[in-house]
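**Q** Requesting a structural model of the entry that follows:
(2 chains)
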Number of protein chains: 2
Amino acid sequence: MYGLIGKMIATSGNREKLISILLEGTNDMPGCLNYIIAEDRDNENALWITEVWDKKESHAASLSLPAVQSAISSGKPLIEGFGERFETTPIGGQGLSQ
Amino acid sequence: MYGLIGKMIATSGNREKLISILLEGTNDMPGCLNYIIAEDRDNENALWITEVWDKKESHAASLSLPAVQSAISSGKPLIEGFGERFETTPIGGQGLSQ
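**A** Next up is the predicted model:
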């Protein structure tokens, strides 16, 4: 499996809108086993995306999906920047399903 | 919802064993909606735990469960320390279920 943990910073006041766009564009991605978007509790403009994929190639391929492309294009103006980013190899747990 | 993203460092060579102990002790926790353990790709002794709970109190209560207590006690000698830790408010996505 392949995993990503990443922080994104929305432009001021636009976190909720950005999260909606991201959730809408990412709900049907082949090979995606887990995808959760969460607000950061310390920074009102920051959000976290935690992802688990069957393999790294599925994540790369997802970036070309029409719904994801559309989310990227709608979300881009609402993104101020990116924070921490960690790559992982998920081993197991609860919530891994397609 | 309440979320945690945390990094744990195993004593040298013991990451796999520590992950097994953690997975075994955490597979039936009331209020836990998502719990995934992943190896860090850059540090051979590091692992990440990403968690989603229905509420913060459920996470706190889980620490008293017999299986979790047993995992903490078996795992403790294999833990070198802790790295980054982020608290979140999960909003949605794929993989949130009890």
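**Q** The helix or strand where residue A:50 lies - what's its average pLDDT?
**A** Per DSSP states H and E, residue A:50 falls inside strand A:46-53. Strand A:46-53 shows a mean pLDDT of 98 in the predicted model.
**Q** what helices or strands is that strand leaning on?
**A** Contacts defined by 3 or more C-beta pairs under 8 Å, 6 or more residues apart in numbering or on different chains; DSSP states H and E place strand A:46-53 against strand A:2-10, helix A:15-25, strand A:32-40, helix A:56-62, strand B:2-10, strand B:32-40. The C-beta positions use only the backbone N, C-alpha and C, and glycine is treated the same way.
**Q** partners of that strand, with directions?
**A** Applying DSSP bridges to the sheet, strand A:46-53 is found paired with strand A:2-10 (antiparallel), strand A:32-40 (antiparallel).
**Q** Now do residue A:28 against chain B, distance only.
**A** Distance of residue A:28 to chain B, computed by C-beta to the nearest C-beta, to the nearest Å: 9 Å.
**Q** Measure how buried that residue is and give me the count.
**A** 10 (other C-beta atoms under 10 Å in any protein chain shown).
**Q** And the one 4 residues further on, by the same measure?
**A** Residues contacting residue A:32 under the criterion other C-beta under 10 Å number 21.
**Q** what is it paired to in the beta sheet?
**A** With DSSP bridges as the rule, residue A:32 is bridged to residue A:53.
**Q** Tell me who's in contact with it.
**A** Applying C-beta atoms under 8 Å, 6 or more residues apart in numbering or on different chains to residue A:32 gives the contacts A:26, A:51-53, A:58-59, A:62, A:98, B:94.
**Q** coming back round to it: ok and the strand holding residue A:50 relative to helix A:15-25, angle-wise?
**A** If you take axes from the mean of the first three to the mean of the last three C-alpha atoms, to 10 degrees, strand A:46-53 sits at 20 degrees to helix A:15-25.
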